[in-house]
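Novice: got a sequence here, can you build the structure:
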Amino acid sequence: MKSNIKNERNSDYLMLKEDISIPIYPTKKIIDIKAQKKYNTILQIAYPLCVALREEKLIPWIYENYMKICGFEAKHDRYGMNYDIYIYDNLCYAKTDFIDNRILNYSYIDLNTINSINNINDLIYRKISDDFNIIVLLDEYYIKGRDAFQSFHSRHEFLIYGYDLEDELFYLVGFYDKIFTKFTITFESFYLGLASKDGFNNELSWLYDRVMMFAKPVKPVEEYPFDIKIFSDKLNHYIDGTHDEKDTYYINLLLDDSEKKMYYGINVYLVLDNYLKDLTQRIYLIDDEDLKHALYFISDRYKMFHCFMEYKKGLLERLYYLVEQFKVSEEYILCVTRYSEIVDVFASLCNKYIKLTLRLKDYPYANFRKYFSDIMNEIKEVSNSCYMKEKVILKEIYHYIYNFNNSKVCGSEKTDV
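Specialist: Take a look at the predicted model:
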């Protein structure tokens, strides 16, 4: 059945409640965008990157960034990992060093503003018609393809890249059946998900201030100039496990300072190590009934491994990007090749954890705790080995990059590294 949300329109103009006439928007608008799959563990990273990648001249900026990562430990067995880089400021995510609109033109509205607008659908159509993507929080209870669909209320972000007034569909980027992809939802599902009062909790109260965001990439006259010095400085921070004091981190919005311990750069390995140690010990201390409840969280914590895996693959891609842009030495290429081997080993570690979570679905079975403990110990050994080797190899790579004239930037002619 068609939803009752279309606007009254004449052939030329759409009248808003302020009685201002604007040109009518088209009946269908789809923005050309890709569901990039390089960074999708953290949606606050995934969606802005999809938007930025609409503009090819911004690609060098992307290679210059996504170099910082952090992890945390907190009360109540909470562990997590995230990137120290965001495209938004103020009450949206975290303030960062590229909020000077070099990358995105954006604005956002809070929940109170949305509730006060009579024709929110008009605003959505007009923004998309003006080539703005929309990042919006919806209650997944109403969204097909999500675990929460018609089961429980949960808020998550989605990226809108188009609409169709005739078929009453929105075109979205997001996770559908656990795959980060493009899909459509009905207008009815969208507005039910937007209007829902459920799905918020105390930890997500800050989301009220950024329920809907409009964003499109800037249109630079020239390609963004890749700066090798900025890149090498960020690589050095990762290797040393440090961060810039000026940075404000997303994680501070979620956890009270008194209850968290932060790790930066390569030291996020310690988050994984401490999590695995804690889990291995606890698996023998909880009874069967509590263990059933714990299995869900064991599966959910794979996000940490996947996030770190994304980071490593991204760093490797950036190191190869330098090969394309600069006259690099054979020694540098050999070091990057060695680093790629570490990335492959860490990928095998992630696969072991995935296989473990799949076995959890068959619980209970004989010798489960011993099987679980053996796998955890094996993963810890691989992780510790990767940590030691990665630090050594990246120091060598940083040495080659540092010796390059840091004052130069990537241009049309290759220079030596």
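Novice: any stretches of the stretch 1-150 of the chain with poor pLDDT?
Specialist: Flagging of the stretch 1-150 of the chain using pLDDT under 70 yields the residue ranges 1-23, 75-79, 81-102.
Novice: could you list the buried residues of the helix or strand containing residue 357?
Specialist: Taking DSSP states H and E as the definition, residue 357 sits inside helix 330-360. For helix 330-360, a neighbour-count test (16 or more other CB atoms under 10 Å) marks 332-333, 335-336, 338-340, 342-343, 346, 349-350, 353, 356, 360 as buried. (Glycine included, C-beta is placed from N, CA and C.)
Novice: please apply the same query to stretch 219-229.
Specialist: The neighbour-count check on stretch 219-229 (16+ other CB under 10 Å) flags 223, 224, 226, 227, 228, 229 as buried.
Novice: and the pLDDT at the first one?
Specialist: Residue 223 is assigned a pLDDT of 91 by the prediction.
Novice: how is the protein carved up into domains?
Specialist: As given by automatic domain parsing, the domain ranges for the chain are 19-54+104-217, 265-403.
Novice: any buried residues in the helix or strand containing residue 277, and which?
Specialist: Using DSSP H and E, residue 277 sits in helix 269-282. Judged by neighbour count using 16+ other CB under 10 Å, the buried positions of helix 269-282 are 269, 270, 271, 272, 275, 276, 279, 280.
Novice: average model confidence for that helix?
Specialist: Helix 269-282 comes out at a mean pLDDT of 86.
Novice: for the longest helix anywhere in the chain, packing partners?
Specialist: Longest helix in the chain by number of residues, with DSSP state H as the criterion: helix 368-403. Applying 3 or more CB pairs under 8 Å, 6 or more residues apart in numbering; DSSP states H and E, one finds that helix 368-403 contacts helix 228-240, helix 269-282, helix 330-360.
Novice: and it with helix 228-240, angle?
Specialist: 140 degrees (axes from the mean of the first three to the mean of the last three CA atoms, to 10 degrees).
Novice: how far off centre is helix 368-403?
Specialist: 23 Å (CA atoms, centre = their mean, to the nearest Å).
Novice: can you list contacts of stretch 266-276?
Specialist: Under the contact criterion CB atoms under 8 Å, 6 or more residues apart in numbering, stretch 266-276 has outside partners 69-73, 79-81, 238-241, 263, 301, 304-305, 308, 376, 379-380, 383-384, 386-387, 390-391, 394.
Novice: could I have the buried ones of those residues as PyMOL selection syntax?
Specialist: Per 16+ other CB under 10 Å, the buried members of these correspond to this PyMOL selection:
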select buried, resi 69+70+71+72+73+79+80+81+238+239+241+263+301+304+305+308+376+379+380+383+386+387+390+391+394
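Novice: what's the farthest-apart pair in the buried residues of helix 330-360?
Specialist: Farthest pair in the buried residues of helix 330-360 (CB to CB) is 332 and 360. Separation: 42.7 Å.
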